[in-house]
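In: Need a 3D model of the following:
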Amino acid sequence: MANEQSALLLRRQLQELKKHPVEGFSAGLQGDDIYKWSIMIMGPPDTLYEGGIFRAIMQFPVTYPMEPPTLTFKSEMWHPNVYPTGEVCISILHPPGEDKWGYEQASERWLPVHTVETILISVISMLSSPNFESPANIEAAKQLRDNYSGFKKKVQRIVEASQEYEDSDED
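Out: Presented below is the predicted three-dimensional model:
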C-alpha cells in the first residue's frame with residue numbers, strides 16, 4: 001500500500017516538473033524505475049560552479065515521502081557538503097526527527113512536505129553557499145578555507161569536465 005502511494009506521488013511530481021520546468025535543473029526517470037531518477041543540475045550563475053552541468057542520481061525509498069531520498073553526484077564534485085562518494089549532505093536530506101548530535105533542529109531535517117523541486121532548489125543553494133559547520137568533505141572545506149585559489153582552480157576543472165561528460169548507463 002505505502003509502495004503504491006509513494007509511486008503515485010513520485011509520478012505526480014515528475015509530471016508537474018515536466019509541465020512546469022524549474023530553471024537550474026532537470027529530472028527524469030533512470031530507465032523505468034519510479035524510485036530512481038536521473039538529475040541534471042546547472043551550476044548556479046555567479047558561483048564557482050557556473051557553467052557546470054552536473055549529473056546525479058536521486059534514489060527514493062519506498063517509504064517516501066515519510067523518509068528522504070538520497071542524491072548522489074555522478075559527475076565529479078568538489079564541495080564541502082558533498083562526500084567524496086558524491087552523496088549530498090544537506091539538512092533536508094537527513095532523516096526526520098531530532099539530530100542526535102544536536103547540529104540541526106527537527107524543522108531543518110526531512111519533512112514529508114518536501115518535493116523533488118524543493119530538494120533540488122536546496123542543492124542549488126548549497127552549491128551557492130557551502131556550509132562549513134559540519135562538512136561532509138573535510139578536505140574540500142579545508143581547501144576552501146585555507147587555499148581559496150586552489151579550491152577555485154579545482155572547481156573550474158570539474159566544471160570544464162562536467163561539460164564534456166558523456167552520459168553513460170552506469171548508475
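
In: Can you report how many residues lie near residue 25?
Out: Neighbour count of residue 25, defined by other Cβ atoms under 10 Å: 20. (Each C-beta comes from the backbone N, C-alpha and C, glycine too.)

In: Check the contact between it and residue 122; I expect there is one.
Out: No: the pair residue 25 and residue 122 does not pass the contact test of Cβ atoms under 8 Å, sitting 11.0 Å apart.

In: so residue 127 touches residue 46, yeah?
Out: No: counting by Cβ under 8 Å, residue 127 stays clear of residue 46, with 11.1 Å between them.

In: In terms of neighbours, single out the busier of these two.
Out: residue 127 (24 against 8).

In: The more buried one falls within a helix, correct?
Out: Yes: assigned with DSSP: H, G, I helix; E, B strand; the rest coil, residue 127 falls within a helix.

In: nearest spatial neighbour of it, skipping sequence neighbours?
Out: The shortest distance from residue 127 to any non-neighbouring residue, by Cβ to Cβ, 6 or more residues apart in numbering, is to residue 49 (4.9 Å).

In: quick one: secondary structure of the one you found?
Out: Classification of residue 49 using three-state DSSP returns coil.

In: for the one 5 residues further on, same thing?
Out: On the three-state scheme (three-state DSSP), residue 54 is labelled strand.

In: distance of it from residue 5?
Out: Separation of residue 54 from residue 5 (Cβ to Cβ, to the nearest Å) stands at 31 Å.

In: cool, and residue 87?
Out: Counting by Cβ to Cβ - residue 87 and residue 5 are separated by 26 Å.

In: Specify which residue of the two has the higher count of neighbours.
Out: Neighbour totals were compared for residue 87 and residue 5, and residue 87 leads with 17 against 14 (other Cβ under 10 Å).

In: Look up the closest residue to residue 156, ignoring the ones flanking it.
Out: Computed as Cβ to Cβ, 6+ apart, the closest residue to residue 156 that is not its neighbour in sequence is residue 48, at 7.2 Å.

In: The one you found - how many residues pack around it?
Out: Neighbours of residue 48 using other Cβ under 10 Å come to 23.

In: how close does it sit to residue 157?
Out: As judged by Cβ to Cβ, residue 48 and residue 157 stand 11 Å apart.
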